[in-house]
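Asker: with the input below, show me the fold.
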Amino acid sequence: MSDDDVYRFGFEDGDEEDQRPRSAPKEPETPQDALVGRDADGVVTVTVNESAEFQAVSIATRWRQSVDPRVLGSAVTQAANAASMAALVQQIDRPAEPAPRQEAPPPQSDERITPEQALRLMDAVSADLARFTQRMNEVVDRPLTVESRGGHVRGTIHRGQILDLEVDPAWTHSARVTEMQQEFLEVLRNLRAQSVPADLAQGPQSPAITELTALVSDPNTLLRRVGLLP
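Answerer: Purely as a prediction, here's the structure:
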C-alpha cells in the first residue's frame, strides 16, 4: 500500500493541540438540571428540554483522540437518541397535569338542519379526517432526510428516532469544534421539526370539523336543530 493509500485520521499532522500527550477527552460541561444524552465514549453530549427539543450539541475538544472522524456522526446519533429517551422517560414519570379549563363554546344558531345538510357535513368531516390521516401516514411512515446549510452534515429520522447522521470526514479535519456543533444542532432541530409539521401536530383542522365540534358540544341544541326536540 502506498503512502497515498493510507487514510489519515486527522491527528497525525494536526495542530499543536493535537500533538500534546493523549488523554481521555474532556467531557463537555452541561447544566446540572439538563436532560442529556452521551455516546459510549463520552465524546459527544446532546442536550434537550422537557419536550425533547434539541438545545445543544457539545463535542469534546480532543475528540479526535478517541473517535475516527468517519464515525463522529454515529457518536452524535447515539447521544441524540439517548437525550430524546431521557426526555421521554421524564414525561412518563411526570404526574399528570390537571386538564386546562375549557372555554365556553361559541353561541349556537337555532337554524334547523335538514337531513341532507347533516349528511353533507358528515361527509365533509370524513373527507377531512381521511386527508389528515393520509398526510400523517406519509410523514410518519417514511424516513426523512435533512442536510445542513453548510452541506457537511446529513441526517435521517424515522418515527421520531434519529437513524443516522453522516458527516464529511474531510471537513471534520479542518473545521472548528464550534462549527461542527452548530451544523449537527441545525440538522437535529430540522429533523425534529419536519418529522411532524406544526399543522399536523395540532390535529385535524377544517371548517367542517370545527362546525361539527361546536354542534356536538351542546347535545340539546343539536337535537333541537335536527328536529328531535321542540
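Asker: next, the contact list for residue 154, please.
Answerer: Residues in contact with residue 154 (CB atoms under 8 Å, 6 or more residues apart in numbering) are 145, 146, 147, 148, 165, 166, 167, 187. The way it works is simple: take the backbone N, C-alpha and C, and place the C-beta from them, glycine included.
Asker: secondary structure element holding residue 204?
Answerer: Using DSSP states H and E, residue 204 sits within no helix or strand.
Asker: that one reaches residue 129, doesn't it?
Answerer: Yes - Residue 204 is within contact range of residue 129, at 5.5 Å (criterion: CB atoms under 8 Å).
Asker: and the helices in this structure?
Answerer: Assignment of helices within the chain using DSSP state H yields the ranges 72-93, 115-140, 169-174, 177-195, 198-201, 207-216, 219-225.
Asker: could you tell me the least trusted of those helices?
Answerer: Note on the helices of the chain: helix 198-201 shows the lowest mean pLDDT, a mean of 60.
Asker: how many other residues sit next to the nearest residue to residue 172 once chain neighbours are set aside?
Answerer: Among residues not flanking residue 172 along the chain, residue 69 sits closest, at 4.2 Å (CB to CB, 6 or more residues apart in numbering). Close neighbours of residue 69, defined as other CB atoms under 10 Å, add up to 22.
Asker: these two touch, right, residue 69 and residue 175?
Answerer: No - if you go by CB under 8 Å, residue 69 and residue 175 don't touch, sitting 9.9 Å apart.
Asker: any idea how far residue 227 is from residue 53?
Answerer: Distance, residue 53 to residue 227, using CB to CB, to the nearest Å: 50 Å.
Asker: ok, these two, which is more surrounded?
Answerer: Comparing residue 53 with residue 227 by neighbour count (other CB under 10 Å), the higher total belongs to residue 53, at 14 against 11.
Asker: was I right about that one contacting residue 192?
Answerer: Yes - in terms of CB under 8 Å, residue 53 counts as a neighbour of residue 192; the distance is 6.7 Å.
Asker: which of the contacts of residue 154 lies closest to residue 156?
Answerer: Nearest to residue 156, judged by CB to CB, of the contacts of residue 154 is residue 145 at 4.8 Å.
Asker: just the closest of the contacts of residue 154 to residue 89, please.
Answerer: Using CB to CB, the shortest approach to residue 89 within the contacts of residue 154 belongs to residue 165, at 22.3 Å.
Asker: that closest one: neighbour count?
Answerer: Residue 165, neighbours per other CB under 10 Å, totals 27.
Asker: spit out the contact partners of it.
Answerer: Residue 165 touches 73, 74, 76, 77, 80, 153, 154, 155, 184, 187, 188, counting by CB under 8 Å, 6+ apart.
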